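Peer 1: structure, please.
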Amino acid sequence: QLRQLDMKRVTEEERRIASVVAKKEEEKKRESHKQSLLKEKKRLTINNVARKWDLQQNRIPNIAPNQDRKVSDSPQDPSQLHGSTVSAFPEETGSLDSGLNNTLQGLSVTDTHLVEVDGDTLSLYGSGALESLDRNWSVQTAGMVTTVSFTFIEFDEIVQVLPKLKIKFPNSLHLKFKETNLVMLQQFNALAQLRRVDQLTI
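Peer 2: Residues are numbered from 1 along each chain as shown. Next up is the predicted model:
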């Protein structure tokens, strides 16, 4: 192989450098594709959780329950990512991978619930996500979380795990409730068992 300009033969060092650059570019493409799959799986899971919630609240008829499951049957099923540093998607358990990367610091998802740690915020979607509080969280992650967000989970179910929440995430000062059937002021009495809750968002 010859250079285009001076017609000198390419040295072995130049070949090596070119090979390294090409590998890095390929790795970037793979990582970008992997992150796209993660984001799409997250979006579909939240849609599934929202649909299930609406069905429980009798807001929509029970039609096409498997509509959003088509991603699991596609050739680009994110479950193919097993063995990577990004959390794979267990179909039966909501367990957290120990090797979560820095881009999505924590992502555990099934078709019925989703658990995500993004920065200082722990987001729980669907009642099954509450089981994540029984998992072993790293000291770094547990100390980093200051905000916990609950979405599409019955408030009465949340109340049952609040003591466990403070044990697992002692620095959680901000609680967010969205679509939790929190409808009466009396329900707030259940939050009195928590120490150091500085902010509530409903």
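Peer 1: every contact and neighbour count from this point should use C-alpha atoms.
Peer 2: Fine.
Peer 1: can you show me the strands along the chain?
Peer 2: All strands of the chain, identified by DSSP state E, fall at 106-109, 114-118, 121-125, 147-151, 174-178, 199-201.
Peer 1: hey, which of those strands is tucked in deepest?
Peer 2: Highest mean neighbour count of the strands of the chain: strand 106-109, a mean of 25 (counted as mean count of other CA atoms under 10 Å).
Peer 1: first-to-last residue distance for stretch 187-202?
Peer 2: 13 Å (CA to CA, to the nearest Å).
Peer 1: related to what we said a few turns ago, now render the strands of the chain as TSV, adding distance to residue 52 and mean pLDDT.
Peer 2: Formatted as TSV, the strands of the chain follow (distance: least, CA to CA, whole Å; pLDDT from 0 to 100):
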stretch	distance to residue 52	mean pLDDT
strand 106-109	15	53
strand 114-118	13	90
strand 121-125	11	94
strand 147-151	12	94
strand 174-178	15	93
strand 199-201	23	88
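Peer 1: any chance of a markdown table for those, columns distance to residue 55?
Peer 2: Formatted as a markdown table, these follow (distance: least, CA to CA, whole Å):
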| stretch | distance to residue 55 |
| --- | --- |
| strand 106-109 | 20 |
| strand 114-118 | 18 |
| strand 121-125 | 15 |
| strand 147-151 | 15 |
| strand 174-178 | 16 |
| strand 199-201 | 25 |
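Peer 1: what about the helices in the protein?
Peer 2: Ranges of helices in the chain, per DSSP state H, are 12-56, 70-73, 139-144, 155-168.
Peer 1: which of these has the lowest average pLDDT?
Peer 2: Confidence, taken as mean pLDDT, is least for helix 70-73 of the helices of the chain (a mean of 39).
Peer 1: give me the phi and psi for residue 180.
Peer 2: Backbone torsions of residue 180, given as degrees, to the nearest 10, read phi -130, psi 10.
Peer 1: per-residue pLDDT of it, please?
Peer 2: If you check residue 180, the pLDDT there is 92.
Peer 1: distance of it from residue 143?
Peer 2: Residue 180 sits 26 Å away from residue 143, taking CA to CA as the criterion.
Peer 1: compare these two (neighbour count), which wins?
Peer 2: residue 180 (20 against 15; other CA atoms under 10 Å).
Peer 1: which residues touch the more buried one?
Peer 2: 150, 151, 152, 153, 154, 155 (CA atoms under 8 Å, 6 or more residues apart in numbering).
Peer 1: could you rerun that using 7 Å?
Peer 2: Listed by CA atoms under 7 Å, 6 or more residues apart in numbering, the contact set of residue 180 reads 151, 152, 153, 154, 155.
Peer 1: want to throw those into CSV with distance to residue 174?
Peer 2: Converted to CSV, the contacts of residue 180 look like this (distance: CA to CA, whole Å):
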residue, distance to residue 174
151, 14
152, 18
153, 17
154, 18
155, 16
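Peer 1: mind giving me the PyMOL command for buried ones among those?
Peer 2: Those of these that count as buried under 16 or more other CA atoms under 10 Å are selected in PyMOL with:
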select buried, resi 151+152+153+154+155
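Peer 1: and the contacts of residue 180, which is closest to residue 36?
Peer 2: Residue 36 lies nearest to residue 151 out of those, by CA to CA, at 23.1 Å.
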